[in-house]
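A.B. asks: Test case, fold it:
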Amino acid sequence: MAAVRRAIHVWSRKQVEAMGPSPLLPVPVDAVLISITTPGREPFDNRGRWRRVLKLAFDDSTPEGAAASADAWAEHRLFNWEQARLIIDFVEQNLHCDWHVHCDAGKSRSVGVAYYLARRHGRELKIHSVPSDEFRNLHVIRVLREAAGEERATWPT
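C.D. replies: Model (predicted):
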């Protein structure tokens, strides 16, 4: 019997919040969630729906974007190495599960995380929130690679 290829799913926050007891959009039984919110916004309320949830808060930006808008965003919080290690450790502890990731729009931060994890672990990337991975956050991918100890020479452009 062939091994089941696990997937990594990307959702918007609204889509994840709609999941639950409804048979129309149930929470998958063997799945874990990486929940990304904007700092200062109410964190995702799991209400016991997901097996395990990793909650993170960081802005959807890059160092270049943060520098350009420094005056407007005094409390700007970029994705960092510690958060990357939390994600890496979380998925390593849950290799037997499908992984689901959400951020506010399901367009940039969550797609960046999922894109990196799909490539690193050979998982199928399923984006439910937007048509493509075109707007994935490259800073998120770069920090995850650094935290995983990947050599820069091996990174695709």
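A.B. asks: Low-confidence regions, the chain specifically.
C.D. replies: Counting by pLDDT under 70, the chain contains low-confidence ranges at 1-4, 21-26, 65-75, 152-157.
A.B. asks: since we're on Gly122, how many residues are nearby?
C.D. replies: 9 (other C-beta atoms under 10 Å). (Each C-beta comes from the backbone N, C-alpha and C, glycine too.)
A.B. asks: typo on my end, it should be Arg119
C.D. replies: 14.
A.B. asks: how far away is it from Ile34?
C.D. replies: In this structure, Arg119 and Ile34 are 16 Å apart, going by C-beta to C-beta, to the nearest Å.
A.B. asks: for Pro131, same thing?
C.D. replies: With C-beta to C-beta as the criterion, Pro131 and Ile34 are 21 Å apart.
A.B. asks: So for these two, which sits in the more crowded spot?
C.D. replies: A count of neighbours by other C-beta under 10 Å puts Ile34 above the other of Pro131 and Ile34, at 26 against 7.
A.B. asks: Torsion angles phi and psi at the residue nearest the centre of the chain?
C.D. replies: By C-alpha atoms, centre = their mean, the chain has its centre lying nearest to Ser110, at 3.5 Å. Dihedral pair for Ser110: phi -70, psi -40, per degrees, to the nearest 10.
A.B. asks: Would you enumerate the residues in contact with it?
C.D. replies: Val10, Trp11, Ile34, Ile36, Val101, His102, Cys103, Ser129 (C-beta atoms under 8 Å, 6 or more residues apart in numbering).
A.B. asks: make it 7 Å
C.D. replies: Val10, Ile36, Val101, His102, Cys103 (C-beta atoms under 7 Å, 6 or more residues apart in numbering).
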